[in-house]
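Student: Whatever this is, show me its structure:
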Amino acid sequence: MLLWRIGANVIPTRVNLQRKMQHIDPACTFCNNEVESSTHLFLECPFARALWAVAGWGIRFDTAALTSGEDLLKLIINPPDAPIPANEQWTVTLNMALIMDEIWNSRNRKLFKQEQADLIKAKHCVQARFQEISKVFTPTSPPIQRSCSTFWSPPPPDYIKINLDAALNSSKSALAVVARNHLGKVLFVWGKENQLCSPLQAEAMTLLWAVHLAIQNRWYSVMFEGDSKICFDTLNHPDQTPNWSIDTVICNIHSFSSCFSSCSFGLVRRNSNSVANVAARFALNCLQPFCFSEGILPPAIEAACKEDPLFVFHLGWRVFHSKLNIAEPHKRTPVNNLRTNTQKWEMMIEI
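Tutor: Below you'll find the model as predicted:
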């Protein structure tokens, strides 16, 4: 109903009310700096812009091209592309509609109850309502529970296990994601540089990136593993308040998790996350983003895979040994000699 009223320009913003009653002040209820039109209230007002930033999944749109309530309605019905499957695009429309509804509710609470606009409360309200509504239309199977394991183990058939880690130095951070199937085959190893931030923020951003990559590859049964206790404890206990520095990232991960048929977030020890750890250190010394698959792994990452007790090469190590003429394990480049490996493998990087 709210969207229809916006599209038909019959929603009682102060601009619309002033057309009927001249004595009404048209200034925005939130900022009091601009007239309260539909486009200003829902898109341009500082409070609206802040809510879109923290709850809008990073979606960007050109506000200059939106000049009427009808334009707003078209934006919601045909939202910008998001990194999720086509059959899940309705969740973008749902989230955007809930953001606009929360802006309107916050405006009314301030106008009629003199309640100050609370951005954090508004964000949590949007995300809680999204989770509640999306569960009705997205049947999910119970997530697979995993305890903190000692060694890497393959996922069940038809599942993809994604390990992730981050690395930092004095000037930047790096993110790495490793995807393997139930046979232990490495499907992809991704890595990229990131801005300098705290280790906790880097781990959270890596986890969000891993979720995006799983959605882009249309993996619907996924197990995410990492060694960041704070991140994974927060994800597995929604009643806990996230650390303020990763609050938005964790909430976005919760929202995107509805795109999967089944997903779990498992805390593991460092030695069962060694491949992701080595890939993150490799990315820290790499000059550009990379995407490797089995058969073209850099020696450092390949060595880490070989050290996993349950790692299995798809066609057998001996086949790759004979075809690629890879050195014996005891002659291979040490895992921590990353800079030399980086130079050797830059020509094989796939952006």
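
Student: Next, the contact list for the residue nearest to the spatial centre of the chain, please.
Tutor: The centroid of the chain falls nearest to residue 208 when counting by Cα atoms, centre = their mean (3.1 Å). Contact partners of residue 208, counting by Cβ atoms under 8 Å, 6 or more residues apart in numbering, are 249, 252, 253, 256. Glycine gets a C-beta too; all of them are placed from N, C-alpha and C.

Student: Among those, which ones are in helices?
Tutor: Among the contacts of residue 208, the members found in helices (DSSP state H) are 249, 252, 253, 256.

Student: just checking, the first one touches residue 204?
Tutor: It stands for residue 249. Yes. Counting by Cβ atoms under 8 Å, residue 204 is a contact partner of residue 249 at 4.3 Å.

Student: With neighbour numbers in mind, choose between those two.
Tutor: A side-by-side neighbour count of residue 249 and residue 204, using other Cβ atoms under 10 Å, places residue 204 first with 29 against 22.

Student: quick revisit: pretty sure the residue nearest to the centre of the chain sits in a helix.
Tutor: Yes. Per DSSP: H, G, I helix; E, B strand; the rest coil, residue 208 lies within a helix segment.

Student: distance of it from residue 67?
Tutor: 33 Å (Cβ to Cβ, to the nearest Å).

Student: Could you do residue 255 as well?
Tutor: Distance, residue 255 to residue 67, by Cβ to Cβ: 29 Å.

Student: do the same with residue 192
Tutor: 38 Å.

Student: Start from the N-terminal end of the stretch 1-150 of the chain and give the helices.
Tutor: For the stretch 1-150 of the chain, helices defined by DSSP state H, counting those that start in this stretch occupy the ranges 2-7, 14-20, 38-39, 46-55, 69-77, 90-113, 119-137.

Student: Which positions in the last one come out as buried?
Tutor: In this case it means helix 119-137. Across helix 119-137, burial judged by 16 or more other Cβ atoms under 10 Å covers 122, 123, 124, 125, 126, 127, 129, 130, 133, 134.

Student: What of the fifth one?
Tutor: By neighbour count on 16+ other Cβ under 10 Å, the buried set for helix 69-77 is 69, 71, 72, 73, 75, 76.

Student: For the fourth one, give me its contacts.
Tutor: Just to be clear, that refers to residue 73. Applying Cβ under 8 Å, 6+ apart, we find residue 73 in contact with 3, 4, 6, 7.

Student: ok, so what distance separates it from residue 205?
Tutor: From residue 73 to residue 205 the distance is 33 Å (Cβ to Cβ).

Student: From residue 250, how far out is residue 232?
Tutor: As judged by Cβ to Cβ, residue 232 and residue 250 stand 10 Å apart.

Student: mind listing the helices for the stretch 201-350 of the chain?
Tutor: Assigned by DSSP H, counting those that start in this stretch, the stretch 201-350 of the chain shows helices spanning 229-236, 247-256, 274-284, 299-307, 317-324, 338-345.
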